[in-house]
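1. Quick one: sequence and predicted model below, then my questions.
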Amino acid sequence: MVGPKINIAVVEDNGMARILLRNHLLEMGYSNVSCFIHGRELKKALKIRPFDLILMDFHLGDHKNGVEVIQELTREKLLKHTTGLIFVTSDRLPLIIGQIVDIHPDDLVIKPYTIRILEKTIANTLKIRRQLMPVLSLMDEKLWEHALQKLEEIAKNNPLPKSRTTLLKIRARLLLKLSRFDEAAALYSGVLKSAENVIWAKWGLIHAQYLAGKIEISEELLKDMLGAHLTNDKACEWLARICIGRKEYEVAEEYIDLINESALSMPAAKLKSSIYQLQNKMDKAIDLLERKRLNAKDIREKYAELSLELARCYLTIAESKKINERANALQVARFLIGNAGRNYLEENLAIKRDYMNILVAILENDQDKAIALLEEADQKDFKAADVPTMTDAIKGWLGVGDEMRAAQILFDCEEKMLETEDLTDQTISSMAIAKQEEELGERRPRALKFNKQGLHLHNQQRYNESVDYFYQAYLLFPKEAAFGLNLLQGLLESNLAEYKKAKTLQLFNELDKRELSSSNRKRLNEIGGRISADKDQFIVNENKGE
């Protein structure tokens, strides 16, 4: 038995159920069992060590439910592909089962269960995962092409017929990761030809067509899924997102209104609030968030998150007013920020709260306080922040006149948005980024401004300082060869093999492949000659950086 080698996490808020489940696992021979009452405890543990298998309950008392926990762990890159997931729940409602199925767990066990059913489910899951472990490990390393090759090797000699569905799901996900959208769509279509009601294949086909740019096909498929118990709400979210992309906000509102308000997930509630705000219906956005907040008062994390979302609405109102007319809106915002609490906030919400307090200080024209709070917030780990919080940080740094720091965060925002797998979160993030880009202005004029500041510092032989400005100019507008050459020159003069994500040799090679004007080519050749004279140092440093 492999039980003793398997690290299992049990997440269950009911004490008796937790003890029983742990005892069952011990009887089966699984000795490494850790128990958690809610998602926050699991998250802390995952930051220290991974688990091979998570047994997750749906309802977790006055905390986020199991599906929300898994979604959050996925967003924060804490849940590995090599970690198995089995839901153990007493819920039989189609709405809840649908939510669980949507996050693709390995299996689902309905309470009351027999020890034999539990043991068989765990054994089957681990058996399939052992077979696929080489693939899953490569996926953890984001080596998608290698993972697909390994998967195809395994599929040729598949000794486990019951794993066929799992193999198909993983193959489709890898094809999407590799942007082979038509192949993924063909795979999903093939599954649906054999069995037309396979939900995961329907969603997969919609997603593949959407990513391939075939929006109209996705739209028609989504409309066919309206009205059904298991698919209506998700289809409405999808259709609303499509309409937002076309700036058809009234139609987006009509779709999102088809979701019962009590059934709105947190991302869907934020999306609906955003749709209202895009139409200057701030009162409706506030009313929605207030109702959701009051309904969530027994679920602390949700209550805190919705309090901060509501506070952001009042900050937006204050921002639109003259300084002497902001007092009421800022008073409500401060109350809501305080109401979110501090002691039990998760890291991402604590960061969100910090930047909202900074925005309050800026809107009150208290620059000294804002700068002090920004410097304090800047010491914390920014990785846990979501994109809307990062855009709050951009506003904060702009508010104290540091356009450079704001531009750096905006670039990080765009990268984070591209990594976001949840499409509703991605849409909300995209809207927040667009708003900040509008405030900061067009990319090329901003790049020219940073480049000019860099040249000023470079002419004063303050090379190390100039590199940061050249770096920002190049990030904003990499098509402009002069920005890349200035950055390369700055790196050379500063004797730097790399700066942040820019590496001297890689940048030189990238510029060398371009069609350059005669003057730029001459300059690049001169820089290349100087780099060659000390190339070994650059190679060593670059390898270390990688």
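-> Happy to help now that I have it.

2. Now His207. Its backbone dihedrals?
-> phi -60, psi -40 (degrees, to the nearest 10).

3. just the helices in the stretch 151-300 of the chain please.
-> 164-177, 181-194, 199-211, 215-223, 232-245, 249-256, 266-278, 282-295, 300-319 (DSSP state H, counting those that start in this stretch).

4. Let me have those in TSV, extended by mean pLDDT.
-> Formatted as TSV, the helices of the stretch 151-300 of the chain follow (pLDDT from 0 to 100):
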stretch	mean pLDDT
helix 164-177	93
helix 181-194	95
helix 199-211	93
helix 215-223	95
helix 232-245	93
helix 249-256	96
helix 266-278	93
helix 282-295	95
helix 300-319	93
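
5. could these be laid out in a markdown table, adding mean neighbour count?
-> (Each C-beta comes from the backbone N, C-alpha and C, glycine too.) Compiled in a markdown table, the helices of the stretch 151-300 of the chain are given as follows (neighbours: other CB atoms under 10 Å):
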| stretch | mean neighbour count |
| --- | --- |
| helix 164-177 | 19 |
| helix 181-194 | 17 |
| helix 199-211 | 21 |
| helix 215-223 | 16 |
| helix 232-245 | 22 |
| helix 249-256 | 19 |
| helix 266-278 | 22 |
| helix 282-295 | 17 |
| helix 300-319 | 23 |
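
6. Can you add distance to Leu374 and give those helices back as CSV?
-> Listed next are the helices of the stretch 151-300 of the chain as CSV, based on distance: least, CB to CB, whole Å:
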stretch, distance to Leu374
helix 164-177, 37
helix 181-194, 42
helix 199-211, 38
helix 215-223, 40
helix 232-245, 31
helix 249-256, 33
helix 266-278, 25
helix 282-295, 26
helix 300-319, 16
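
7. Between these, which one is closest to Phe450.
-> Of all those, helix 300-319 sits nearest to Phe450, with 25.6 Å by CB to CB.

8. Give me the contact list for that closest one.
-> Residues outside helix 300-319 that contact it (CB atoms under 8 Å, 6 or more residues apart in numbering): 40, 62-64, 266, 269-270, 273, 277, 282, 285-286, 289-290, 292-293, 296-297, 326, 329-330, 332-333, 336-337, 339-341, 344-346, 349, 352-353, 356, 359-360, 363, 388, 392.

9. next one: stretch 226-240
-> 94-95, 97-98, 101-102, 199, 202-203, 206, 218-219, 222-223, 225, 252-253, 255-256, 258-260, 263, 265, 267-268, 271-272, 275, 423-424.

10. Compute the first-to-last residue distance for that stretch.
-> 12 Å (CA to CA, to the nearest Å).

11. Under the pLDDT cut-off, which ranges of the stretch 301-450 of the chain? List them.
-> Along the stretch 301-450 of the chain, segments meeting pLDDT under 70 span 342-344, 440.

12. so what's the residue nearest to Thr125 when sequence neighbours are not counted up against?
-> Excluding its sequence neighbours, the residue lying closest to Thr125 (CB to CB, 6 or more residues apart in numbering) is Asp106, at 4.4 Å. The contact partners of Asp106, by CB under 8 Å, 6+ apart, come to 84-86, 125, 128-129, 166.

13. Ala482: which of the residues you listed is nearest?
-> Once CB to CB is applied, the member of these that ends up nearest Ala482 is Leu85, at 50.5 Å.

14. pretty sure the closest one is in a strand, no?
-> Yes - when classified by DSSP: H, G, I helix; E, B strand; the rest coil, Leu85 is found to be part of a strand.

15. can you count the residues close to the closest residue to it other than its chain neighbours?
-> Of all residues not flanking Leu85 in the chain, Pro105 sits nearest, at 4.4 Å (CB to CB, 6+ apart). By other CB atoms under 10 Å, 19 other residues sit near Pro105.

16. can you give me the strands for this protein?
-> Using DSSP state E, the strands of the chain run over residues 7-11, 32-36, 53-56, 84-89, 107-110, 498-499, 502-503.

17. Can I get those strands in TSV including mean neighbour count and distance to Asp378?
-> Formatted as TSV, the strands of the chain follow (neighbours: other CB atoms under 10 Å; distance: least, CB to CB, whole Å):
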stretch	mean neighbour count	distance to Asp378
strand 7-11	23	33
strand 32-36	18	32
strand 53-56	25	34
strand 84-89	22	36
strand 107-110	16	44
strand 498-499	18	19
strand 502-503	20	22
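
18. With Lys214 as the reference, name the closest of those strands.
-> If you check each of these against Lys214 by CB to CB, strand 84-89 wins as the nearest, at 30.9 Å.
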